[in-house]
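Asks: sequence first, predicted model second:
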Amino acid sequence: MIQLVPEKCIGCKLCVKACLFGGIAVDGKTPRLTDSCTGCGACVDVCRVAAIVASGEKTGPVCDLAAYSGVWVIAELHEGELHSVTLELLGKARELADARGADVTAVLLGSGIAALDAELFSHGADRVFRADSPVLAQYRTAPYERVVAGLIAEHKPEIILIGATTLGRDLAPRLANRFRTGLTADCTGLEIGPDGGLLQTRPAFGGNIMATIATPNHRPQMATVRPGVMQAKSCAGKKGVAIPFAVSEEPGDGFVRILKTLAREKSAVSLEKAEVIVSGGRGMGDPKNFKLLAELAEMLSGEVGASRAAVDLGWLPHEHQVGQTGKTVKPRIYIACGISGAVQHLAGMQASDIIIAINRDPAAPIFQAATFGLVGDALKIVPELINQLNR
Amino acid sequence: MSALNIIVTIKQVPDTAEVRIDPKTNSLMREGVPSIINPEDLHALEAALVLRDAQGGTVTVLSMGPPQARDALEEALCMGADRAILLSDRAFAGADTLITAFTLSRAIMKIGKYDLILAGRQAIDGDTAQVGPQIAGFLDLPQVTYAEGLEIEQDGSLIVQRGLEHETEWVQVKLPTLVTVTGRINHPRYPSLYNVGPACQDSGITVWTAKDLQLPQAMLGLGASPTTVRKIFAPDRTMKGEMIPGDEREMAAALIGKLKEMHVI
């Protein structure tokens, strides 16, 4: 909670500038909090005269925090195999569990999935709860929520990680709701803080700022993470305990009935796995210029990506889109051609090892993220690169 | 087919595409950034208006926000919504998604009769996509997310087309239900004086406070929220790389040289 000590205010308004939400206003030397204050404390940090004070935790724990332990990953399947995000989350779960001296549990729901236990163990799980039933063959909110919530209520995990996929973003809020607990979406950073709680870092305001969030008084602490953000860990040969249990259909399960599904055309594009991505934006000028990028990508054994602008213009299909509403990628090399570097695009590729930016505008924000910046016309530079690499 | 009472939850948000970081102070520059109706909520409202225009019924827009959120509700009324309700109270401030959903769900219960709740998938400032499903949770309603298409059947059930990562899925659900929509579902109409119904005046917006919802402070706002913001910081944008000089040929040669030095090609 933020409290003001108005007598000390000198009217410098540093607090107003520091506040991202418009939560504080200063009239002359009279400060006042507005309806938009979120209690983040940014103003407290900048006030030099202690006219703003953070008055500590608002309430205490709402449950017995010590009764909760273990880090869980709610596993997800893709075409009968474990989704890459599940393996990535297990890697992070292993790290968090080790910091807490706890176990990693994978919760696996589906049909015909017994053979997947081994892969869960070899990626860090100590235990697998496996619900294998035709009731769970295709994801539906009601039975998945029911089954997972039952496990959470019985076994009380301290931390639950879920992939920020369409499935995860459909399921996680319902689970958080059931337990009236905190859920943080699209985390890019997760670590155990000094008080043993989970610190959840994520972008907000369209990626313009980063926020670190905690769930101090409620359990379990829940977070979703997008594919391609965390790293899978290999624990080859690791063994674990698998606990299967049966699930039968209950009346509520059928409220939402799946009529049919149509697979999207098999994508030849696998940006998340690419080591090299050559990406084009509005600055490429014309869709036919993407042939140049495809040529360069092929020479480097990479894939072609696109900014949202290029996709919105219809130059490439959505599956090539990199960015906040597209894919999150972290290749070895990311070459951005004619891409200005809007925050939403950076959000999707800034974790790349080497970022090469080619743009005619020296003030393009992409240059701030680049390892190497080339100011010039991509339509001239890319053919040069192709030429010289050919020698 | 019978008339539909539809509730649309909308949020007024800063236009985050226009928000910039001040490179000198590394802080968000909010001045002059316009407030807009969250884009996906506009799509939800449009979907509601289309259904109402076909079936008859009412569209009520509901928003939780500071007093300035009236502007968003006025815009919604001028798109053709029949009724607008603003939940505004200092007590609501600072709520995280769980408590925001709780507060909205209590207002929906106060509204009483509804067949369908529509919401945008996510807001462009929070980007969580949590409030819609959490409202459904509090109201114990089935939910359908990622809707790209909506159709009412003869028997009154809803067919929803969902856009998932690798497939399109069609589901059927009985009403009442909650659906979150993405931008692919439609092209929202422009607000226009021609859409003005009798409600499209300032007095057409009902304001409810915590007292109107009969909710105690302990269940509201920042204090009741399970998540808390510990720190806010600007992503590190200082350039750590180097600019490569020269003409096209020289730049290409230098770049290839450096990449070879780094053993990446």
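Replies: Now that the structure is in, tell me what you want to look at. Numbers count the residues shown, from 1 in each chain, chains lettered A, B, ... in the order given.

Asks: tell me the mean pLDDT over the helix or strand harbouring residue B:47?
Replies: Following DSSP states H and E, one finds residue B:47 within helix B:39-55. For helix B:39-55, the mean pLDDT works out to 95.

Asks: stretch A:17-36 too?
Replies: Stretch A:17-36 shows a mean pLDDT of 84.

Asks: cool, and stretch A:188-198?
Replies: Stretch A:188-198 carries an average pLDDT of 95.

Asks: again, but for stretch A:69-83
Replies: 96.

Asks: list the buried residues for it?
Replies: Going by neighbour count (16 or more other C-beta atoms under 10 Å in any protein chain shown), the buried part of stretch A:69-83 is A:69-77, A:82-83. All C-beta spots, glycine's among them, are computed from the backbone N, C-alpha and C.

Asks: picking that back up, can the helix or strand following the helix holding residue B:47 be found next to chain A?
Replies: Downstream of helix B:39-55, the first helix or strand assigned by DSSP H and E is strand B:57-64. No: judged by C-beta under 8 Å from any C-beta of the partner chain, strand B:57-64 stays clear of chain A, getting no closer than 10.8 Å.

Asks: flag every buried residue along the very next helix or strand once past strand B:57-64.
Replies: Sequence-wise, the next helix or strand downstream of strand B:57-64 (DSSP H and E) is helix B:70-79. Using 16+ other C-beta under 10 Å as the burial criterion, the residues of helix B:70-79 that qualify are B:70, B:72-79.

Asks: swap in stretch A:317-337?
Replies: In terms of neighbour count (16+ other C-beta under 10 Å), stretch A:317-337 has its buried residues at A:319-337.

Asks: mind checking which of those residues are in strands?
Replies: A:333-337 (DSSP state E).

Asks: nearest to residue A:264 among those residues?
Replies: Using C-beta to C-beta, residue A:334 is the member of those that lies nearest residue A:264, at 24.5 Å.

Asks: for that closest one, list each beta-bridge partner.
Replies: Under the criterion DSSP bridges, residue A:334 forms beta bridges with residue A:277, residue A:355.

Asks: what sits against it?
Replies: By C-beta atoms under 8 Å, 6 or more residues apart in numbering or on different chains, the contact set of residue A:334 is A:276-277, A:279, A:305, A:349, A:352, A:354-356.

Asks: quick one, what contacts residue B:177?
Replies: Neighbours of residue B:177 in contact, by C-beta under 8 Å, 6+ apart: A:255-256, B:116-117, B:136, B:141-144, B:158.

Asks: need the residues you listed in CSV (columns: secondary structure).
Replies: As requested, the contacts of residue B:177 are exported to CSV (DSSP: H, G, I helix; E, B strand; the rest coil):
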residue, secondary structure
A:255, coil
A:256, strand
B:116, strand
B:117, strand
B:136, helix
B:141, coil
B:142, coil
B:143, strand
B:144, strand
B:158, strand
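
Asks: of these, just say which sits nearest to residue B:94.
Replies: residue B:136 (23.0 Å).

Asks: isn't residue B:146 right up against residue B:121?
Replies: Yes: judged on C-beta atoms under 8 Å, residue B:146 makes contact with residue B:121 at a distance of 6.5 Å.

Asks: name the residues contacting each of the two.
Replies: Common contacts of residue B:146 and residue B:121 (C-beta under 8 Å, 6+ apart): B:180, B:182.

Asks: more neighbours, the two?
Replies: The neighbour count for residue B:146 versus residue B:121, taken as other C-beta atoms under 10 Å in any protein chain shown, is higher for residue B:121 (26 against 23).

Asks: which helix or strand contains the residue lying closest to the more buried one once chain neighbours are set aside?
Replies: Excluding the flanking residues, the one nearest residue B:121 by C-beta to C-beta, 6 or more residues apart in numbering or on different chains is residue B:180, at 4.6 Å. Using DSSP H and E, residue B:180 sits within strand B:177-181.

Asks: direction included, what does that strand pair up with?
Replies: For strand B:177-181, pairing defined by DSSP bridges yields strand B:116-120 (parallel), strand B:143-152 (parallel).

Asks: out of the ones you listed, which one sits most buried?
Replies: Mean neighbour count (mean count of other C-beta atoms under 10 Å in any protein chain shown) peaks for strand B:116-120 among the strands paired with strand B:177-181, with a mean of 29.

Asks: let me know how buried residue 14 is, in neighbour terms.
Replies: In the absence of a named chain, chain A is used. Neighbour count of residue A:14, defined by other C-beta under 10 Å: 17.

Asks: that's the wrong chain, I wanted chain B
Replies: 21.

Asks: with residue A:288 instead?
Replies: Neighbourhood size, residue A:288 [other C-beta under 10 Å]: 9.

Asks: which residues does it contact?
Replies: Contacts of residue A:288 (C-beta under 8 Å, 6+ apart): none.

Asks: now, the most widely separated pair of the contacts of residue A:334?
Replies: Farthest pair in these (C-beta to C-beta) is A:305 and A:354. Separation: 14.6 Å.

Asks: who has more neighbours out of those two?
Replies: The neighbour count for residue A:305 versus residue A:354, taken as other C-beta under 10 Å, is higher for residue A:305 (35 against 18).

Asks: what about the helix holding residue B:47 and chain A, touching?
Replies: No: Helix B:39-55 stays out of contact with chain A when judged by C-beta under 8 Å from any C-beta, the minimum separation being 10.8 Å.

Asks: next, the buried residues of that helix.
Replies: Those would be B:39-49, B:51-52, for helix B:39-55 by 16+ other C-beta under 10 Å.

Asks: stretch A:297-309 too?
Replies: Within stretch A:297-309, the residues that count as buried by 16+ other C-beta under 10 Å are A:297, A:300, A:302-309.

Asks: neighbours around residue A:222, how many?
Replies: 29.

Asks: work out for me the element it sits within.
Replies: Per DSSP H and E: residue A:222 is located in strand A:221-225.

Asks: name the helices or strands packed onto that strand?
Replies: Judged by 3 or more C-beta pairs under 8 Å, 6 or more residues apart in numbering or on different chains; DSSP states H and E, the packing partners of strand A:221-225 are helix A:84-100, strand A:159-163, helix A:166-178, strand A:183-184, strand A:198-204.

Asks: could you spell out the sheet neighbours of the last one, each with its direction?
Replies: In its sheet, strand A:198-204 lies beside strand A:189-192 (antiparallel), strand A:209-214 (antiparallel), with partners assigned from DSSP bridges.

Asks: and the longest one with strand A:221-225, angle?
Replies: When you say that, I think you mean strand A:209-214. 150 degrees (axes from the mean of the first three to the mean of the last three C-alpha atoms, to 10 degrees).

Asks: residues of stretch A:225-243 that come out buried?
Replies: Going by 16+ other C-beta under 10 Å, stretch A:225-243 has these buried residues: A:225-230, A:232-233, A:235, A:240, A:242.

Asks: which other residues reach it?
Replies: A:83-85, A:87-92, A:94-95, A:117, A:120-130, A:161-165, A:186-188, A:190, A:272, A:327-330, A:351.
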